[in-house]
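>>> Attaching a predicted model along with its sequence, questions to come.
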There are 2 protein chains.
Amino acid sequence: MHRDRCLALDADDPLRAFRSEFVLPEGIIYLVGNSLGALPRGTAERVRRTVEDEWGRQLVGAWNHAGWYEQPLTLGDRLAPLIGAGPGQVVVGNTTSIVIYQAVAAALRLRPERRVIVSDVRNFPTDHYMVEGLAGLHGGYEVRDLAAGRFDDAAVVLLSEVDYRTGARHDVPAVTAEVQAAGALMVWDVCHSVGAMEVDVSAADFAVGCTYKYLCGGPGAPAFLYVNPRHHASAENVLPGWHGHAAPFAFEAGYRPAADIRRFVVSTPHVLSMAGLDAALDLWDRVPLDLVRAKSMALTSLFIELVGDALELASPREAAARGSQVSYRHPEGYRIMRALIDRGVHGDFRAPDLLRFGFAPLYIGYADVHDAAATLLEVLEKELWRDEKYSQRLAVT
Amino acid sequence: MHRDRCLALDADDPLRAFRSEFVLPEGIIYLVGNSLGALPRGTAERVRRTVEDEWGRQLVGAWNHAGWYEQPLTLGDRLAPLIGAGPGQVVVGNTTSIVIYQAVAAALRLRPERRVIVSDVRNFPTDHYMVEGLAGLHGGYEVRDLAAGRFDDAAVVLLSEVDYRTGARHDVPAVTAEVQAAGALMVWDVCHSVGAMEVDVSAADFAVGCTYKYLCGGPGAPAFLYVNPRHHASAENVLPGWHGHAAPFAFEAGYRPAADIRRFVVSTPHVLSMAGLDAALDLWDRVPLDLVRAKSMALTSLFIELVGDALELASPREAAARGSQVSYRHPEGYRIMRALIDRGVHGDFRAPDLLRFGFAPLYIGYADVHDAAATLLEVLEKELWRDEKYSQRLAVT
């Protein structure tokens, strides 16, 4: 596709105005938004306000007056529409690993008669590690890989909607229905889908995700936990900190969980990190997710088309079956990515051979995709073709 | 004591210069630094730098170039001298509740033959709740109150160095020695002592604390976890997130803990909140803790002397036996505190009857103590004395 055509697509892009709401360094094409999203223009002022006006002037009074205490719930309510959830169903805070622990542990206690946890060994490692840790802590649990394809004796199934390496996407409604029909509870990790498409975890039992990738909440922005309302009264928070207590400021000797989603709050929220997420949600309040998904599919399809057969595609070729990233495999992947970054195209490399390119529809355009693909092809031709060793490898693949 | 004498003490105060390094709102005396420390003047710029220069310009590269990835360890090393620890012994991150969970769970697994956890029902509730949660999760554990005074069958003892209500201070070396002589492991919570005195947990097995009280790291600033080096190779992190893995970026299918303190890191640090702590540590790098403790004892003793018998003291009268707060009990405590705050003296009230006043030696001076005590006496006289109901109560006490 000619670059002029890409510029025309950018000019017609209904999401185009969002690009100006991000700080994007000059001279680079940033295709790592699937790892750390770019900085929204409103964030610096929002964080400054929290530091100087709220903390600095209101001091401890800001826990009430600036709404800090309620943030795990108020930000949860604002985030809920991005995952198909309603108000009072999502809490924000801690890290993805920790909310995975809360979700899976709660699920195990809701299915005490079953002793199998189904996980995906190809999932992002922390998901699998936390499951292994929980299984080890309890004892007597089998951690079974998804590949075994058996749920009928499972207590819980933990899967990522979009695979962090290949971008392959699960069919959330179908898998959820299958898992639940087998009597197991479904926990979705939507780290790699939220903010890139219309996510809907409303049928799931639990869902978790981070807010620093497509959502652009900032480095280490708080994670979130969705709990289906049917479990609010019965699911246990195995990290029963005081903020999940029914009456936290009564300082009672014994733990009594709040009756609603608040029982999954653990303790004092990381307020400065919350401010970053708050600023990002000011953007997301206005984003039409259907347009995001449509543009995401168009951008990734265009990249795949332009790169063609020059590299081995590791992502699904069908747009509906992928998230907003495109991955390739190449034995010289590390060297290729270094050369790309030297030329201002930023993707990332995962050992041993994976090149990943993330396309955040709010700030990446069609011309960016064109230029990134052209640069990739140039790197492959100029950097590697002349290399005898590479030529030989290329010849055999 | 005459106010002029207090002004003279302030003029001679070797810590006096630190007061100008804090943002303190005009017209108030802030005695809630034991709950949320004041804002250091350097923090706003440090946080701005993280948002605009690091995240905004370096994007995902800042994980390496700006040192984000290493912050749990680098900030841990900077914090270590404040608790008597050495480099490579402290990790920073998450919340106090969560690091309590890590510490107590690790201790339980180091003493598998013992099934008793000793806790203090008067401790800050979250400590006790997390212990109860762990005991419930494992099953078969007895949670025994400290008052029973028996450690010889305990796996672990969790105590706070300074009581959050009364400010009463444990003798850390003596209790640690007694607990360990009984074969139990000692976990100290130093939330209410770190930054107010020379803390030394080096003989303990684990220690935890927060950084938003006397340390002034900001609202919800990350917690810390000290692990005695003798446990580094054997203690388990029951929250085995990917950042505690021996090779986190190898994305291995199975969890292999790092050989050192890093195994207690869980996952992605809350970078904006870390920036607030980083700025606070720029101050603490220069603070002589012996002078902090000396001034803390002088300030709290002066307040107790000035208030005299007008209220029932809930804190130890002997300075060495308390932290940096003074508490009083009064049935009309809530009303008294409201009247004080209306007059610009900020303490806090804990139901049913506790008034707490925290004295942060870096930014509270002797004249502040004088004025706060004078205002308190004025409130008691003018607001309550005329109240028939109060007069009767006062008459009987």
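On my side now, so go ahead.

>>> and the closest residue to chain B within the stretch 51-200 of chain A, how many neighbours does it have?
Chain B sits closest to A:Ser97 of the stretch 51-200 of chain A, with a gap of 3.5 Å, by CB to the nearest CB. (C-beta placed from N, C-alpha, C; glycine too.) By other CB atoms under 10 Å in any protein chain shown, the residues close to A:Ser97 number 27.

>>> Please, which helix or strand holds it?
Counting by DSSP states H and E, the element that carries A:Ser97 is helix A:96-110.

>>> Please see if the helix or strand that that helix is followed by touches chain B.
Downstream of helix A:96-110, the next assigned helix or strand under DSSP H and E is strand A:116-119. No - judged by CB under 8 Å from any CB of the partner chain, strand A:116-119 stays clear of chain B, getting no closer than 10.1 Å.

>>> quick one, strands of the stretch 51-200 of chain A?
With strands called from DSSP state E, counting those that start in this stretch, the stretch 51-200 of chain A shows them at A:90-92, A:116-119, A:142-145, A:154-160, A:185-189.

>>> any residue of the fourth one up close to chain B?
No - Strand A:154-160 is not in contact with chain B by CB under 8 Å from any CB; minimum separation 13.4 Å.

>>> roughly how far is that strand from the heart of the chain?
18 Å (CA atoms, centre = their mean, to the nearest Å).

>>> angle of that strand against strand A:185-189?
On the basis of axes from the mean of the first three to the mean of the last three CA atoms, to 10 degrees, strand A:154-160 is oriented at 20 degrees to strand A:185-189.

>>> Excluding covalently adjacent residues, which one is nearest to A:Asp10?
A:Gly365 (4.3 Å; CB to CB, 6 or more residues apart in numbering or on different chains).

>>> For that neighbour, give me its contacts.
A:Cys6, A:Leu9, A:Asp10, A:Asp13, A:Arg16, A:Arg19 (CB atoms under 8 Å, 6 or more residues apart in numbering or on different chains).

>>> Which strand or helix spans the first one?
Here A:Cys6, judged by DSSP H and E, is contained in helix A:3-12.

>>> Please report how far A:Val156 lies from B:His245.
According to CB to CB, to the nearest Å, A:Val156 stands 23 Å off from B:His245.

>>> just A:Phe151 next, same as before
Distance from A:Phe151 to B:His245, by CB to CB: 28 Å.

>>> What is the burial count for A:His232?
Applying other CB under 10 Å, we find 18 residues neighbouring A:His232.

>>> Test for you: state the pLDDT assigned to the closest residue to it other than its chain neighbours.
Leaving aside its chain neighbours, A:His232 sits nearest to A:Asp260 (5.5 Å; criterion: CB to CB, 6+ apart). Per-residue confidence at A:Asp260 stands at 96 (pLDDT).

>>> can you tell me how far A:Asp260 sits from A:Leu277?
From A:Asp260 to A:Leu277 the distance is 21 Å (CB to CB).

>>> returning to that earlier point: need the residues that contact the helix holding A:Cys6.
Contacts for helix A:3-12 (CB under 8 Å, 6+ apart): A:Arg16, A:Ala298, A:Leu302, A:Gly365, A:Tyr366, A:Ala367, A:Val369, A:His370, A:Asp371.

>>> what about A:Ala203, distance to chain B?
Per CB to the nearest CB, to the nearest Å, A:Ala203 is found 27 Å from chain B.

>>> should've said A:Ser35
5 Å.

>>> the helices in the stretch 201-350 of chain A, which residues?
A:271-284, A:289-307, A:333-342 (DSSP state H, counting those that start in this stretch).

>>> Of these, flag the one that's most buried.
Per-stretch averages of neighbours, counted by mean count of other CB atoms under 10 Å in any protein chain shown, single out helix A:271-284 among these, with a mean of 26.

>>> Send over stretch A:165-185 as PDB, restricted to the C-alpha atoms.
C-alpha atoms of stretch A:165-185 as PDB (Å, rounded to 0.1, in the frame of the first residue of the first chain):
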ATOM      1  CA  ARG A 165       3.600 -13.500  22.800                       C
ATOM      2  CA  THR A 166       1.600 -14.300  19.700                       C
ATOM      3  CA  GLY A 167      -1.400 -12.000  20.200                       C
ATOM      4  CA  ALA A 168      -3.700 -15.000  19.700                       C
ATOM      5  CA  ARG A 169      -7.200 -14.300  21.100                       C
ATOM      6  CA  HIS A 170      -9.500 -16.700  22.900                       C
ATOM      7  CA  ASP A 171     -13.200 -16.700  22.300                       C
ATOM      8  CA  VAL A 172     -14.200 -15.400  25.700                       C
ATOM      9  CA  PRO A 173     -17.900 -16.200  25.600                       C
ATOM     10  CA  ALA A 174     -17.400 -19.700  24.200                       C
ATOM     11  CA  VAL A 175     -14.600 -20.700  26.600                       C
ATOM     12  CA  THR A 176     -16.400 -19.200  29.600                       C
ATOM     13  CA  ALA A 177     -19.500 -21.200  28.700                       C
ATOM     14  CA  GLU A 178     -17.600 -24.400  28.200                       C
ATOM     15  CA  VAL A 179     -15.700 -24.000  31.500                       C
ATOM     16  CA  GLN A 180     -18.800 -23.200  33.500                       C
ATOM     17  CA  ALA A 181     -20.800 -26.000  31.900                       C
ATOM     18  CA  ALA A 182     -18.100 -28.300  33.300                       C
ATOM     19  CA  GLY A 183     -18.700 -26.900  36.800                       C
ATOM     20  CA  ALA A 184     -15.500 -25.000  37.000                       C
ATOM     21  CA  LEU A 185     -15.000 -21.200  37.700                       C
END
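
>>> How confident was the prediction at the residue sitting nearest the centre point of chain A?
What sits nearest the mean C-alpha location of chain A, by CA atoms, centre = their mean, is A:Cys191, with 1.8 Å. We have a pLDDT of 98 for A:Cys191.
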